[in-house]
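# The sequence and its predicted three-dimensional model are supplied below.
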Amino acid sequence: MALVASIHVDLGWDMPDVTLNDAQGKAHALQDCMGEKGLVVAFTCNHCPYAIAVWPRLVRHAKTLREQGINMVAINPNIHPDFPEDSVPAMQEKIVEWGIDFPYLADETQAVAKAFEAQCTPDLYMFDKHGKLYYHGRIDDYWKAEEKVTAEELLPAAAALAAGEPAPKVQHPTIGCSIKWLD
């Protein structure tokens with residue numbers, strides 16, 4: 001697993017206008033997934049140890065975010081023949097196993113990951129209700145073991161967004177496995 005970090009993307013950047021199918025084949029336009037206050041887009045997968053470590057937090061945080069008017073979607077860019085554990089059928093299994101209650105979308109061509117300039121799993125983007133990038137950073141300060149987290153980062157950013165406050169000045173990049181590019 002090649003460790004990489006997310007790259008800097010300027011705040012205010014427009015969310016790409018894209019539509020992807022979920023693991024059951026239902027199409028979801030990202031704009032239609034938007035909550036009253038915003039949307040978190042998490043590029044992630046099933047097999048990366050970094051992604052696996054934060055999935056429970058994503059699932060739990062999705063409820064908190066929804067209560068603030070911010071929805072969540074996850075996008076799997078690793079639909080790759082060399083990684084069957086990230087296949088659409090495997091995504092269906094993980095939705096049940098992990099209790100994922102928000103859209104988990106398959107980026108089978110990886111065009112969406114490229115449009116977002118996503119680099120790793122996980123790679124998190126939070127957009128305001130107008131589709132402008134507000135936060136691009138990590139979920140908290142310790143990916144590996146939740147009991148060692150000393151600072152939440154995604155949730156305070158979401159609370160600030162919901163309250164109409166400016167975006168956090170410091171946004172630490174996420175780290176994770178590199179996306180398994182087809183080309």
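Thanks, I have the structure now.

# Please make it C-alpha for all contacts and neighbour counts, starting now.
Fine.

# Could you report the distance from residue 16 to residue 135?
Remark: distance between residue 16 and residue 135 (CA to CA, to the nearest Å) = 15 Å.

# ok, the two, which is more surrounded?
When neighbours are counted by other CA atoms under 10 Å, residue 16 and residue 135 differ, and residue 135 comes out ahead with 27 against 13.

# who touches the longest helix seen in the chain?
Across the chain, the helix with the greatest residue count (assigned by DSSP state H) is helix 49-67. Here helix 49-67 makes contact (CA atoms under 8 Å, 6 or more residues apart in numbering) with 35, 44-46, 71-72, 98-102, 121-122, 139, 143-145, 155, 158, 175-177.

# how deep is residue 87 tucked in, by neighbour count?
Residue 87, neighbours per other CA under 10 Å, totals 22.

# Name the SS class of the residue positioned nearest the centre of the chain, please.
In the chain, the centroid-proximal residue (CA atoms, centre = their mean) is residue 42; its distance is 0.5 Å. Local secondary structure at residue 42 is given as strand here, using DSSP: H, G, I helix; E, B strand; the rest coil.

# so it sits right up against residue 77, yeah?
No. Judged on CA atoms under 8 Å, residue 42 makes no contact with residue 77 at a distance of 10.4 Å.

# shouldn't residue 31 be in contact with residue 17?
Yes. Counting by CA under 8 Å, residue 17 is a contact partner of residue 31 at 6.9 Å.

# The two: which has the busier surroundings?
More neighbours surround residue 31 than the other of residue 31 and residue 17, with 17 against 11 (other CA under 10 Å).

# Based on its surroundings, how many neighbours for the closest residue to residue 172 other than its chain neighbours?
Leaving aside its sequence neighbours, residue 172 sits nearest to residue 137 (CA to CA, 6 or more residues apart in numbering; 5.1 Å). Residue 137: 25 surrounding residues under other CA under 10 Å.

# you'd agree residue 137 is in a helix?
No. Under three-state DSSP, residue 137 falls outside any helix and is assigned coil.

# Could you tell me what pLDDT the model assigned to it?
On the pLDDT scale, residue 137 is placed at 94.

# Could you do residue 1 as well?
In this prediction residue 1 is given a pLDDT of 56.

# which secondary structure element contains residue 114?
helix 111-116 (DSSP states H and E).

# C-terminal to that helix, what's the next element?
strand 120-121.

# Which parts of this structure are helices?
Under DSSP H, the chain gives helices at 30-33, 49-67, 88-98, 111-116, 154-162.

# Need the winner for burial among the ones you listed.
Mean neighbour count (mean count of other CA atoms under 10 Å) peaks for helix 154-162 among the helices of the chain, with a mean of 20.

# and the angle from that helix to helix 49-67?
30 degrees (axes from the mean of the first three to the mean of the last three CA atoms, to 10 degrees).
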